[in-house]
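Student: Turn this into a structure:
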Amino acid sequence: MLNIFTLANGRLVQEEIESLEELSKFQPIWVDLESPTLEEKRWIKQYYGLSIPEDAMDEDIEESARFYEEDNGELHIRSDFLIDDDEDPRTVRVAFILNQHNTDLRSRGVLFSIHDEDVPVFRLLRMRARRAPGLIEDAKEVMLKLFDADAEYSADTLENIYDELEVAGKKVLSGNVSDELAGEVLGAIARQEDLNGRIRRNVMDTRRAVSFMMRSKMLNAEQFEEARQILRDIESLDNHTAFLFDKINFLMDATVGFININQNKTIKIFSVASVALLPPTLIASIYGMNFKFMPELDWAMGYPYAIALMAASALVPMWYFRRRGWLK
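Tutor: Residues are numbered from 1 along each chain as shown. Presented below is the predicted three-dimensional model:
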């Protein structure tokens, strides 16, 4: 899918392009390619003179391969954006290309973004830019606003994580934690821990991208101050993710502790039962010996006597253990 965005009365206007002829009718500041086809890449190459690299969305984590400037003035930034999906939370690699200086090409001053799937942050920016005039002024502003929205989206997701952990905490700290409930809580905590880690990696990646934009001297004074504010927001998100990691570890330890308590209760019952059955076992062993002279062997009440003695020797310890509360 190929979408272009133009400025009209200070607002961002979206147009979906289905042919090369349509592409030539507009003067966009932002061209967004979602899972572009070979034909759409050919349109970009033919009209703007821009070749989209084959490895544009590769998962290469080396900074030198993700943030660089070509000799022809093209600025390349590859950054990850978070998708908070209940079933499959993940990050999506987005490649940005911006021609700042080469006036011989129509791509000058146009931001190109390439990604494999729709990103919530992109939808959020499009909605805001349509409603708020003056929010976007140029292509560099688009990229800054995307990173700003990404930090805000991460902050909202962190709030959701905290809410989920609060629910899990109430279940754990209620004091009546069964093994089934503990397993459910551990699964929920593990999912939130994974999402929290993804957010931390995502904001770290955003910090690197914004820092690169600041070092490249492509921003004016107002945009530079906006970039600094984004970095301050990211710093606060770092602190919040650290706090959530501590909370996750506490809830994890508490849940595992309740599981151990439940296991200890089971083991205690078996231990008490084993001790209670030792006297009957001793009595049965004594009367099971094959000595010739045992008075009880010729006694008519010998068998009932032995049974009653074994029952009493088992019930008395059980009564004592129950009185002491060891069977609870």
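Student: could you point out which element follows the helix or strand bottoming out on mean pLDDT in the chain?
Tutor: Averaged element by element with mean pLDDT, DSSP states H and E, the chain has its least confident helix or strand at helix 63-66 (a mean of 68). Scanning the chain past helix 63-66 towards its C-terminal end, the next helix or strand to appear is strand 67-69 (assignment: DSSP states H and E).
Student: Relative to the whole chain's centre, how far out is that next one?
Tutor: Strand 67-69 has its average C-alpha position 28 Å from the chain's average C-alpha position, going by CA atoms, centre = their mean, to the nearest Å.
Student: hey, where'd the strands end up in the stretch 101-250 of the chain?
Tutor: Counting by DSSP state E, counting those that start in this stretch, one finds strands in the stretch 101-250 of the chain at the ranges 111-115.
Student: Just the mean pLDDT for stretch 209-221, thanks.
Tutor: For stretch 209-221, mean pLDDT rounds to 88.
Student: end-to-end on that stretch?
Tutor: In stretch 209-221, first residue to last residue: 18 Å (CA to CA, to the nearest Å).
Student: Name the residues that touch that stretch?
Tutor: Residues outside stretch 209-221 that contact it (CB atoms under 8 Å, 6 or more residues apart in numbering): 67, 69, 75, 77, 79, 98, 100, 140, 143-144, 147, 224, 227-228, 230-231, 234. From N, CA and C alone the C-beta is placed, and that goes for glycine too.
Student: Near R324, how many other residues are there?
Tutor: Summarising burial for R324: neighbours were counted as other CB atoms under 10 Å, giving 10.
Student: Tell me the predicted confidence for it.
Tutor: As predicted, R324 sits at a pLDDT of 79.
Student: does Q14 have beta-bridge partners, and which?
Tutor: Applying DSSP bridges to Q14 yields these beta-bridge partners: F5.
Student: quick one: it from R123, how far?
Tutor: 11 Å (CB to CB, to the nearest Å).
Student: These two: which has the busier surroundings?
Tutor: Neighbour tally, Q14 and R123, criterion other CB under 10 Å: the higher count belongs to Q14, 14 against 11.
Student: The contacts of stretch 209-221, buried ones only, as a PyMOL selection?
Tutor: Only the buried entries of the contacts of stretch 209-221 go into this PyMOL selection, using 16 or more other CB atoms under 10 Å:
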select buried, resi 67+69+75+77+79+98+140+143+144+147+227+230+234
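Student: Could you pick out which of the contacts of stretch 209-221 are located in helices?
Tutor: Among these, DSSP state H puts 140, 143-144, 147, 224, 227-228, 230-231, 234 in helices.
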